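**Q** Here is a sequence with its predicted model. Questions after.
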Amino acid sequence: MTITMYSYIQVSKNTGERHMLKALYKSILILNMIFVSSNAASTDDAWMRSYTLEAAGKYTAAAESIEKFLKETPPNEFAELRSGWLYYLSGNYSRSITHYKTAIKINKKSIDAMLGMSLPLMAQARWREAALQINSVINISRFNYIAHTRLMSCEENLKQWDKLQKHAEEIIQYYPSDATILVYLARAYSHNSNNINAKKTYQQVLLRYPGHLEAINFLAR
Amino acid sequence: MTPYTKKLIFLLIFSCLLPNTLFADNESPWYLSTSANINLNAFSDSEVIDTQTELSIFIDTDYVEKFSLSAGLIYQNQKSISGISNNILYLGGQYHSYPESLPGKVSLSVDTYNENENSTVKKTSTTMPGPGAGMPPTVTVTTERISNSLKIVNPVISFLNYTKSFYVDLGYAYSEYASSETEIEKFNVKQWTPTIGFSFNDQYDWLILRHYNIDLSNDTRSPGITKTSSYEIKLTHWVKNTDNSRLDNLQFSFLTGDRLFAVDHDARKIYNLSDMQTAALSIGGNWKYKNKSSFYIYTGLEEYKNIFSNNDYYNVFIYSGFKKHW
């Protein structure tokens, strides 16, 4: 609208008319600036409101405050990712999965989306589907820490103790100071009737995490 | 052997020959398991039946917790007056949905059982000689071809919350029995089974309560009985800190009330004896080996009543099986 008005001013021959149109143009420009800045402010406000509501634990309201960005063209990848996360936190796992799926459609390389989607799948106890999703992250990012620890959680819930043991034994070499991987490894040893290694591993856990209840309880047996 | 049976046996052999990599853990969306079971029944004090042996084999495929398809074959052989044997084809499917409005999984399953074949039964007839003939009665054993058919459709809708602490389902089973041997050639049975289940003891125990409400279409095959009602309680206890090859869970179940022509969709078991089941008790365990194989054995006692002769009798059974995940 601004451009059209400007062109009209350019072609106008009459000086009086030109003055009048210049004044009109200025006022439109000012109005336009006000509108653009208020729009930007409203965008910022929406995101700010979403973060504030998340911090207050109002996850559904936080997701609703950014809902308008989901209707944008081209699709707003970040709005999909954030909605996926917020609906996961709110406990609406199916809706969370829908948003993460859309985010993956927008960007097939998105590790954020793939890892994000594994969370609601795990919350729904869909361990095998979650493991498939996590494996697609590992295919892109071979030693991704989050992917490997979440995959270990899936293996534990699927009671794949042999697989968990081999997996944790391999990954602990890349993250030797990590207590979480050691806990998974100790649990796998314990379920595989290898109590000597389970004890040794829980002792390693205590070095990294003094007071770790599970390790203390196991070693006290 | 029916064409269905041949196809199923081929399918089972084929599934066992499939390469493991096709169903590798966490790398394929498909999950396959096969199981073989034996159920031995010994009836004491029965005037009609001595033993019943049931062999069954099932193949189950699951596509990442979204849907599953199953097929199986159940072979029953009775040592009884008529010496009946049955080949029942089982086909089942299940679809899982995860609605936004519910905090859990909703599943719809449909199981079907089908038997339609001719079998040979032994018939004993006694011919009395005329008065004063001084001859003993003549007992003649003949074989006779009879046609039996059984069709069951068993849909179940269920809900299980994500934390696996609460379960509810509603099952319906429509059974149609037909036989050229009996006076009542055809009758049907409608069964409703509302079920509620919940976990306790930090999810190491799981309790299920189920009501069997059964309507019989024709009361002449079961005189005076058009409706039966029974309650079942099933407790499963998971053993803490199990090692790889040790006991995984123990199960106890108890049934009280009257039950006739029931269908148990958990055990995929058809109670097709034409006698009234009045009580049942069972106990058993499930052993797992590396989460790839499991072995289970259950034993129990069932009480029956023959409606025609008022004969009360018992069945001691052993049900055992082996399941392999590929």
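**A** Now that the structure is in, tell me what you want to look at.

**Q** Flag every residue of chain A that's near chain B.
**A** Neighbours of chain B within chain A, by C-beta under 8 Å from any C-beta of the partner chain: A:91-95, A:97, A:123-129, A:131-132, A:135, A:151, A:154-155, A:158-163, A:190-193. C-betas here are computed from N, CA, C, even on glycine.

**Q** filter those residues to the buried ones?
**A** Neighbour counting with 16 or more other C-beta atoms under 10 Å in any protein chain shown marks A:92-95, A:97, A:123-129, A:131-132, A:135, A:151, A:154-155, A:158-163, A:190-192 as buried within the residues of chain A next to chain B.

**Q** which ones among the residues you listed are found in helices?
**A** Among those, the residues falling in helices (DSSP state H) are A:93-95, A:97, A:123, A:127-129, A:131-132, A:135, A:151, A:154-155, A:161-163, A:190-191.

**Q** So the spatially most central residue of chain A versus chain B, what's the distance?
**A** For chain A, residue A:116 is the residue whose C-alpha lies nearest the centre (C-alpha atoms, centre = their mean; 4.7 Å). Between residue A:116 and chain B the computed distance is 16 Å (C-beta to the nearest C-beta, to the nearest Å).

**Q** cool, residue A:137 as well?
**A** Residue A:137 is 12 Å from chain B, by C-beta to the nearest C-beta.

**Q** mind listing what that residue touches?
**A** Shown in contact with residue A:137 (C-beta atoms under 8 Å, 6 or more residues apart in numbering or on different chains): A:111, A:114-115, A:118, A:144, A:147.

**Q** repeat that for 10 Å
**A** A:110-115, A:117-118, A:144, A:146-148, A:150-151 (C-beta atoms under 10 Å, 6 or more residues apart in numbering or on different chains).

**Q** does it sit in a helix, a strand or a coil?
**A** The three-state label given to residue A:137 by DSSP: H, G, I helix; E, B strand; the rest coil is helix.

**Q** Give me the nearest residue to it, chain neighbours excluded.
**A** residue A:147 (4.2 Å; C-beta to C-beta, 6 or more residues apart in numbering or on different chains).

**Q** Same question for residue B:116.
**A** Using C-beta to C-beta, 6+ apart and skipping the chain neighbours, the partner closest in space to residue B:116 is residue B:149 (4.4 Å).

**Q** contacting residues for the one you found?
**A** Residue B:149 sits next to B:114-118, B:176-180, B:186 when contact means C-beta under 10 Å, 6+ apart.

**Q** Now with 8 Å, please.
**A** Contact analysis of residue B:149 by C-beta under 8 Å, 6+ apart lists B:115-117, B:176-179.

**Q** element containing it?
**A** Here residue B:149 sits within strand B:138-161, counting by DSSP states H and E.

**Q** just residue A:46 next, same as before
**A** Per DSSP H and E: residue A:46 is located in helix A:15-55.

**Q** what's in contact with the following helix or strand past that helix?
**A** Reading on from helix A:15-55 to the C-terminus, the next helix or strand found by DSSP H and E is helix A:59-64. Contacting residues not belonging to helix A:59-64 are listed as A:49-54, A:82-83, A:86-87, A:89-90, A:92 [C-beta under 8 Å, 6+ apart].

**Q** Apply 6 Å and report the result again.
**A** A:50, A:53-54, A:83, A:86-87, A:89-90 (C-beta atoms under 6 Å, 6 or more residues apart in numbering or on different chains).
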